[in-house]
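Colleague: Predicted model, plus sequence, below.
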Amino acid sequence: MKNEPTYNMLEGFDIEAFRNDLIEWFRAEQRILPWRENQDPYRVWVSEIMLQQTRVDTVIPYFQNFLEKFPTPQALAYAEEQEVLKAWEGLGYYSRARNLQTAVREVVESYDGKVPNNEKELGSLKGVGPYTRGAILSIAYDLPSPAVDGNVMRVLSRILMIEEDIAKPATRKIFESLIRELISKEDPSAFNQGLMELGALVCTPKSPSCLLCPVRSHCRAFHQGKETELPIKSSKKKQKRLSYMTLVLKDQEGRYVVEQRPDTGLLANLWQFPMVPMQQVDREKVQDWVKDHYGLDIDLLNTVDHIKHTFSHVIWDMEVVTASASGELQSKVARFAAKEELEELPFPVSHQKVHKHL
DNA sequence: AACTCGGGGCT
DNA sequence: AGCCCAGAGTT
């Protein structure tokens, strides 16, 4: 099945009528969104990066703010990374922001600030994968390039009754080659966006509104009453739990200890309050651990909160403990900061929840 | 191919 | 609690 030519899946499918119905619906019903104001490739690019694994409603305010702060590729290229992460604070998947800046710097240096309009150069930019590449080429440049995201796989798996596991990386390629045959050459932008808009508004995961669907006459799953059985998706394994004592460490002058996380891995380069890994450290030896890692003498005061924070693949259980600190801070990544200084630093949401105990 | 990487809104 | 979201990079 995997290597079966995709034209077999399109046998008896009225491609032309499907295209027209989809595009006509999109032109009439599309939402008004900030990144649809024009076709500026930089704006399209920023929006597509923000929209990766992130809902439209969540992205809108971030997009507005980001474009006010960094209106052009040059503005973003010359900005401080901390400033970029601050604009991304709370949006998640922070490597998107760092990769976007890396890529924009490449565009400014190598392409005179112009976003490439071909698969090779565009796809080689950091953070621009097959989906984002296709989205930019079709939406900003009107080129017939597939942009297969979760919406497109769900919608198309129903319309064409495709029962491949969409969780498998190889499955995306099946949909890409199908889209290459289906896509409108006259308006690839409306076609690609139409599929995604349909997935967002009509052909939703749990209970699709088939009676409102502009292409239901083309939908094999609907005709067989199997629309809720598709797409097929294997489930992922559950998260590991990690337990931390999170310290609100205050010195005599009322400043707090904060530290920057490493430049790779989870929440790379973001800031946080000190976290004692309680799987490795005995409760009685927390003071020793802090002395070892920060050079500080501390007195534990009160437990003021318990925070459970769920990531994609891990769960943090954070016990928030206030403490007083004295001595010389010895750490390459930690520093003392007054309350007002903290506002300049990017914190993950888990540690924003700690802020209120300051 | 499997794993890592956030956060929020639904069910 | 699990699923999903306009996915990409790393291993």
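Modeller: Yes, it's here. Numbers count the residues shown, from 1 in each chain, chains lettered A, B, ... in the order given.

Colleague: can you list the weak-confidence ranges in the stretch 201-350 of chain A?
Modeller: Scanning the stretch 201-350 of chain A for pLDDT under 70 picks out nothing.

Colleague: residues from it in reach of DNA strand C?
Modeller: For the stretch 201-350 of chain A, the residues in contact with DNA strand C under the definition C-beta under 7 Å from any atom of the strand are A:205, A:233, A:235-236, A:238, A:312. Yep, even glycine has a C-beta here, placed from its N, CA and C like the rest.

Colleague: What's the ChimeraX line that selects buried ones from the residues you listed?
Modeller: One line in ChimeraX is enough to select the buried ones among these; burial here means 16 or more other C-beta atoms under 10 Å:
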select /A:233
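
Colleague: Return the closest of the residues of the stretch 201-350 of chain A next to DNA strand C with respect to DNA strand B.
Modeller: Distance ranking of these against DNA strand B, using C-beta to the nearest atom of the strand, places A:Ser312 first at 3.7 Å.

Colleague: Looking at the stretch 101-250 of chain A, which residue is nearest DNA strand B?
Modeller: Across the stretch 101-250 of chain A, no residue is closer to DNA strand B than A:Ala170, which sits at 3.6 Å (C-beta to the nearest atom of the strand).

Colleague: That should have said the stretch 51-200 of chain A, apologies.
Modeller: Relative to DNA strand B, the nearest point of the stretch 51-200 of chain A is A:Gly92 (2.6 Å; C-beta to the nearest atom of the strand).

Colleague: Does that residue belong to a helix, a strand or coil?
Modeller: Counting by DSSP: H, G, I helix; E, B strand; the rest coil, the backbone at A:Gly92 sits in coil.

Colleague: Pull the contacting residues for it.
Modeller: The contact partners of A:Gly92, taken as C-beta atoms under 8 Å, 6 or more residues apart in numbering, are A:53-54, A:349.

Colleague: Can you give me the end-to-end span of stretch A:204-212?
Modeller: Its first and final residues considered, stretch A:204-212 spans 12 Å by C-alpha to C-alpha, to the nearest Å.

Colleague: Mind jotting down where the helices sit in the stretch 201-350 of chain A?
Modeller: Residue ranges of the helices in the stretch 201-350 of chain A, as given by DSSP state H, counting those that start in this stretch, are A:220-223, A:286-294, A:339-342, A:349-355.

Colleague: that older thread, mind putting the residues of the stretch 201-350 of chain A next to DNA strand C into JSON lines with distance to A:Thr72?
Modeller: Output for these, formatted as JSON lines (distance: C-beta to C-beta, whole Å):
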{"residue": "A:Pro205", "distance to A:Thr72": "37"}
{"residue": "A:Lys233", "distance to A:Thr72": "39"}
{"residue": "A:Ser235", "distance to A:Thr72": "43"}
{"residue": "A:Lys236", "distance to A:Thr72": "39"}
{"residue": "A:Lys238", "distance to A:Thr72": "43"}
{"residue": "A:Ser312", "distance to A:Thr72": "32"}
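
Colleague: Between which two of the residues of the stretch 201-350 of chain A next to DNA strand C is the distance greatest?
Modeller: The widest separation within those, taken as C-beta to C-beta, falls between A:Pro205 and A:Lys238 and amounts to 19.6 Å.

Colleague: how deep is whatever residue of chain A ends up closest to DNA strand C tucked in, by neighbour count?
Modeller: At 2.4 Å from DNA strand C, A:Gly129 is the closest residue in chain A, using C-beta to the nearest atom of the strand. The criterion is other C-beta atoms under 10 Å. On that basis, A:Gly129 has 11 neighbouring residues.

Colleague: Nearest spatial neighbour of it, chain-adjacent residues omitted?
Modeller: A:Gly123 (7.5 Å; C-beta to C-beta, 6 or more residues apart in numbering).

Colleague: residues in contact with the one you found?
Modeller: A:Gly123 is in contact with A:129-130, A:133, counting by C-beta under 8 Å, 6+ apart.

Colleague: and with 10 Å instead?
Modeller: A:Gly123 makes contacts with A:116, A:129-130, A:132-134, A:136-137, A:145, as judged by C-beta atoms under 10 Å, 6 or more residues apart in numbering.

Colleague: Please pick the buried ones from those.
Modeller: The neighbour-count test (16+ other C-beta under 10 Å) applied to those identifies A:116, A:130, A:132-134, A:136-137, A:145 as buried.

Colleague: Among these, which ones are in helices?
Modeller: Using DSSP state H, the members of these that fall within helices are A:130, A:132-134, A:136-137.

Colleague: still on that earlier bit, torsion angles phi and psi at the residue nearest to A:Gly129?
Modeller: Taking degrees, to the nearest 10, you get phi -70, psi -20 for the backbone angles of A:Gly123.

Colleague: okay, it: pLDDT?
Modeller: The confidence metric pLDDT takes the value 97 at A:Gly123.

Colleague: Just flag the most distant two among the buried ones among the contacts of A:Gly123.
Modeller: Across the buried ones among the contacts of A:Gly123, no pair lies farther apart than A:Pro116 and A:Pro130, at 14.9 Å, counting by C-beta to C-beta.

Colleague: Return the closest of the residues of the stretch 201-350 of chain A next to DNA strand C with respect to A:Tyr62.
Modeller: Relative to A:Tyr62, and with distances defined as C-beta to C-beta, the nearest of these is A:Ser312, at 19.0 Å.
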